[in-house]
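> dropping a prediction and its sequence here:
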Amino acid sequence: MKKVNRARSAHVHFMTTPEEKAKLLENMNRAGYRTLGSYLLKMGLDGYVVNIDFSEIKIYSR
């Protein structure tokens, strides 16, 4: 197998119940993340995700 040069080379694997996975995916989508890996990395390292809705401001910036 060809070795790929990546910034993150350590692999983490854990098991969940279907209900836990559904809740993780729901939280991931609500926070605006596209991949579960990026969401879990952010939550694991920082413990929180800040998601600010700028839609009201965008209306006035046109």
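Received, thanks. Residues are numbered from 1 along each chain as shown.
> isn't residue 42 right up against residue 49?
Yes - counting by C-beta atoms under 8 Å, residue 42 sits close enough to residue 49 to count as a contact (5.7 Å). No exception for glycine: its C-beta is placed from N, CA and C like everyone else's.
> shared neighbours, those two?
Both residue 42 and residue 49 are contacted by residue 33, under the criterion C-beta atoms under 8 Å, 6 or more residues apart in numbering.
> which residues does whichever strand or helix holds residue 56 contact?
Per DSSP states H and E, residue 56 falls inside helix 55-60. Outside helix 55-60, no residue is within contact range by C-beta under 8 Å, 6+ apart.
> likewise for stretch 24-33?
Under C-beta under 8 Å, 6+ apart, the answer for stretch 24-33 is 16, 35, 36, 39, 40, 42, 49, 51.
> from these, which land in strands?
Secondary structure from DSSP state E places none of the contacts of stretch 24-33 in strands.
> and of the residues you listed, the nearest to residue 1?
Minimum distance to residue 1 across those is 22.8 Å, recorded for residue 35 (C-beta to C-beta).
> do you know how far the residue nearest to that closest one when sequence neighbours are not counted is from residue 37?
Leaving aside its chain neighbours, residue 35 sits nearest to residue 28 (7.9 Å; criterion: C-beta to C-beta, 6 or more residues apart in numbering). Distance, residue 28 to residue 37, using C-beta to C-beta, to the nearest Å: 10 Å.
> more neighbours, those two?
Set side by side, residue 28 and residue 37 show more neighbours around residue 28, with 20 against 12, by other C-beta atoms under 10 Å.
> sweet, I'm off.
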